[in-house]
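Colleague: Below is the structure, and that's it, no one-letter string:
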C-alpha cells in the first residue's frame, strides 16, 4: 500500500498543482514578553490536512518548526490544534487511525521572549482528498515579536 501512495505523490510532484491550503499567522501579546502565536490553515473544499499528532506510518503530519538559533524565544508547552471539522478515525487510504481537519486547522503556540525579536521557522504539511495526496509542502514564516 505505501508504494502506491508514493507513486501517486511523485506523479503530482511533476505537475503544476497549487496547494489547496493557504496559511496565515499572527502574534498576540498575552502579557509582557509572552505571545500567543496562531497559525491558520484554510483548506479548500474536498481536501483535508493532517494533525501534528499522528504516527509516522501514514501521511506526513503537519509540523511547525521554530528557529532554534533564536535564543531570545522560549516555547511554552506543545503546539495545540483545533478546527470545527476535525475527524478522527480509520482512514482507508492509509489503513490506520488518523486525525485530520477539513475547512480550517488552527495551531497555537505560546512563546516567551527576553527582548523584541523576530520568530522564524517553517510549516510542513500534507493534504489529501478522497482519492489522492499531494506531496508534502513547506511554508516559511517570520513573525515580529515587538
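Modeller: Cool, got the structure. Here the structure is a predicted model, which is why all the values come from computation and not from measurement.
Colleague: Could you point out which residue ranges in the protein have low pLDDT?
Modeller: 1-17 (pLDDT under 70).
Colleague: residue boundaries of the helices in it?
Modeller: Residue ranges of the helices in the chain, as given by DSSP state H, are 2-13.
Colleague: So which residues of it form strands?
Modeller: In the chain, the segments counted as strands under DSSP state E are 21-31, 34-43, 48-50, 63-66, 73-82, 85-91, 96-102, 104-113, 117-125, 127-128, 137-145.
Colleague: Give me the most central residue, the chain.
Modeller: The C-alpha lying nearest the average C-alpha coordinate of the chain belongs to residue 62 (CA atoms, centre = their mean; 3.6 Å).
Colleague: Next up, phi/psi of that residue, please.
Modeller: Backbone torsions of residue 62, given as degrees, to the nearest 10, read phi -70, psi 140.
Colleague: can you pull the contacts of it?
Modeller: Going by CB atoms under 8 Å, 6 or more residues apart in numbering, residue 62 touches 41, 49, 50, 51, 52, 81, 105, 107, 123, 124, 125, 126. Just so you know, the C-beta spots here come from the backbone N, C-alpha and C atoms, and that holds for glycine as well.
Colleague: what number of residues lie near the third one?
Modeller: Which is residue 50. 25 (other CB atoms under 10 Å).
Colleague: Please apply the same query to the first one.
Modeller: Residues within reach of residue 41, counting by other CB under 10 Å, total 23.
Colleague: excluding its backbone neighbours, what's nearest it?
Modeller: residue 105 (4.4 Å; CB to CB, 6 or more residues apart in numbering).
Colleague: does residue 21 really touch residue 43, like I thought?
Modeller: Yes: Residue 21 lies in contact with residue 43 (CB atoms under 8 Å); the separation is 5.3 Å.
Colleague: Now for the two: what residues contact both?
Modeller: Counting by CB under 8 Å, 6+ apart, the common neighbours of residue 21 and residue 43 are 49, 127.
Colleague: Generate a ChimeraX selection restricted to the buried subset of the contacts of residue 62.
Modeller: This is the ChimeraX syntax for the buried subset of those, where burial follows 16 or more other CB atoms under 10 Å:
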select :41,49,50,51,52,81,105,107,123,125,126
